[in-house]
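> Attaching a predicted model along with its sequence, questions to come.
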Amino acid sequence: MGRGGRMGAYSLNKVLRDINRNPGIREEFFKSKDSVLDRYDLTDEEKRAIRELDIGTLYRSGAHGLILRPFTLLHQVPEPDYLKAIRG
């Protein structure tokens with residue numbers, strides 16, 4: 001299980017960035033989310049939030065907007081829905 005806090009935010013941003021930028025990781029993620037998520041030091045809650053695209057939880061857990069927004073675009077989340085989720 002991940003440690004959360006500062007290190008958790010690093011791991012959370014790293015996995016989102018890797019999915020955003022690495023076509024191989026992105027393809028694997030869309031086939032088997034857990035096979036990718038298990039490689040990172042994430043809490044169970046962070047893994048759940050990524051799997052379920054819980055944008056608000058990802059943002060409150062430390063996902064940076066410049067990394068989170070491209071991740072949500074991969075999932076075709078409209079801008080108004082994204083903004084509503086991060087504003088809580």
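Yes, it's here.

> And the residue of the chain positioned farthest from its centre, which helix or strand is it part of?
No residue in the chain has its C-alpha farther from the mean C-alpha position than Pro80, which lies at 18.4 Å (C-alpha atoms, centre = their mean). Element membership of Pro80, judged by DSSP states H and E, is helix 79-87.

> what comes up buried for the helix of greatest length in the chain?
Ranked by residue count under DSSP state H, the longest helix found in the chain is helix 5-21. The neighbour-count check on helix 5-21 (16 or more other C-beta atoms under 10 Å) flags 8, 11-13, 15-20 as buried. For every residue, glycine as well, the C-beta is placed using N, CA and C.

> With stretch 51-69 instead?
Neighbour counts over stretch 51-69 (16+ other C-beta under 10 Å) mark 54-55, 57-59, 61-63, 67-69 as buried.

> what's the answer for stretch 26-34, then?
26, 29.

> and for that stretch, what are the contacting residues?
Stretch 26-34 is contacted from outside by 19-20, 35-36, 47, 50-51, 74, using C-beta atoms under 8 Å, 6 or more residues apart in numbering.

> at 10 Å instead, please
Here stretch 26-34 makes contact (C-beta atoms under 10 Å, 6 or more residues apart in numbering) with 15, 18-20, 22, 35-39, 47, 50-52, 71, 74-75.

> Inside helices: which ones of the residues you listed?
Counting by DSSP H, the contacts of stretch 26-34 contribute 15, 18-20, 35-37, 47, 50-51, 71, 74 to helices.

> roughly how far is stretch 59-77 from the heart of the chain?
Its chain's C-alpha centre and that of stretch 59-77 lie 6 Å apart, by C-alpha atoms, centre = their mean, to the nearest Å.

> I'd like the mean pLDDT over that stretch, please.
Mean per-residue pLDDT for stretch 59-77: 98.

> first to last residue in it, what's the distance?
Using C-alpha to C-alpha, to the nearest Å, the end-to-end distance of stretch 59-77 comes out at 15 Å.

> ditto for stretch 49-59
Chord length of stretch 49-59, first to last residue, is 10 Å (C-alpha to C-alpha).
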